[in-house]
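*Asks:* 3D model of this:
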Amino acid sequence: MNQRSLKKTLSSLPVGEIRYFESIGSTNDEALAWAAAGARDLSFVIADEQTAGRGRLNRKWFTPKQTALAFSLILRPASNSLLSRTVGLAALSIADSLLKYGLAPSIKWPNDVLLSGKKVAGILIETVWSGTEVDSLVAGMGINVHKESVPPAQYLQFPATSIEDEMGHPPDREELLRDILTAFIARRLQMERANFIKSWEELLAYRGEQVQVNASDTETRSGKLLGLESDGSLRLLGQHGETMIVHFGDVSLRPTS
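*Replies:* Coordinates of the predicted model:
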């Protein structure tokens with residue numbers, strides 16, 4: 001993977017500029033600074049290795065050299081009304097690409113993609129502000145492609161896998177990137193539609209099952225996972241028949257069975 005081959009692979013897509021690094025601390029940090037400096041919509045930062053990659057809740061994201069797909073996409077939204085759907089857009093784009101390989105992905109709310117019940121991809125959405133207005137978003141995506149990209153068991157907070165583990169062989173990382181970006185561009189045009197939430201909902205992991213959601217600002221909530229609200233918030237059914245809505249934030253979800 002290099003800048004020249006990436007531009008050739010992605011030549012048919014309406015992406016912005018590309019910044020490729022053999023090694024970087026965090027693609028999201030680079031993309032946030034670039035977005036603040038005026039990067040065009042759909043420009044992105046990609047690296048063969050991250051030495052300080054991070055996920056939500058400041059958890060370390062493991063990205064050994066030439067084993068994973070780690071990139072951060074800069075978005076300049078036309079409207080702030082759909083910002084909360086961006087994590088679903090990223091998750092669906094990854095899921096769409098995995099379906100092409102004959103795999104059966106599911107989305108663990110709010111920001112993980114699973115294969116065989118194990119985490120294969122994670123998403124980190126961060127915001128660049130201009131005063132009180134959103135200037136741009138950075139959608140960081142990390143996908144475990146080769147089996148060497150899966151962290152050692154002692155570092156895992158949730159079981160993990162790779163595409164190679166699930167398929168028996170890894171896909172070409174540049175082709176996978178092209179598939180994800182193609183799906184992202186197509187799905188982005190559908191974000192205002194009701195069936196966007198339905199598509200996201202249909203791939204929800206643990207739908208109809210009992211789950212527990214831990215949040216930093218509220219008490220732990222347990223209930224049956226019913227689906228999603230129009231903004232992508234999670235809808236649960238409590239043990240007394242009450243409906244509970246869990247909003248985005250510092251939350252983590254686990255099945256209770």
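
*Asks:* now do the residue lying closest to residue 61 once chain neighbours are set aside against residue 29, distance only.
*Replies:* In space, and not counting its chain neighbours, residue 61 is closest to residue 53: 3.6 Å by Cβ to Cβ, 6 or more residues apart in numbering. Where C-beta positions appear, they are placed from N, C-alpha and C, glycine not excepted. Residue 53 is 10 Å from residue 29, where distance means Cβ to Cβ, to the nearest Å.

*Asks:* more neighbours: the two, which one.
*Replies:* Higher neighbour count among residue 53 and residue 29: residue 53, with 24 against 19, using other Cβ atoms under 10 Å.

*Asks:* I'd say residue 53 and residue 71 touch.
*Replies:* No: between residue 53 and residue 71 there is no contact under Cβ atoms under 8 Å: 11.0 Å.

*Asks:* overlap of the contact sets of the two?
*Replies:* Listed as contacting both residue 53 and residue 71 by Cβ atoms under 8 Å, 6 or more residues apart in numbering are residue 27.

*Asks:* and the closest residue to residue 151 other than its chain neighbours, backbone torsions?
*Replies:* Closest residue in space to residue 151, ignoring its immediate chain neighbours: residue 62 at 4.0 Å, by Cβ to Cβ, 6+ apart. The phi/psi pair for residue 62 (degrees, to the nearest 10) reads phi -80, psi 120.

*Asks:* what do you get for residue 183?
*Replies:* Torsion angles, degrees, to the nearest 10, at residue 183: phi -70, psi -40.

*Asks:* report the contact partners of it.
*Replies:* Taking Cβ under 8 Å, 6+ apart as the test, what residue 183 contacts is 92, 93, 94, 96, 97.

*Asks:* contact partners of the helix or strand hosting the fourth one?
*Replies:* What that stands for is residue 96. Counting by DSSP states H and E, the element that carries residue 96 is helix 86-99. Residues from elsewhere that reach helix 86-99, judged by Cβ under 8 Å, 6+ apart: 73, 75, 77, 105-107, 110-113, 115, 120-121, 123, 125, 137, 139, 141, 143, 163, 176, 179-181, 183-184, 187-188, 191, 196-197, 199-200, 203, 228, 232, 248.

*Asks:* now swap in stretch 164-175 and tell me
*Replies:* Contacts of stretch 164-175 (Cβ under 8 Å, 6+ apart): 1, 5-6, 9, 68-69, 101-103, 115-116, 120, 145-147, 150, 162-163.
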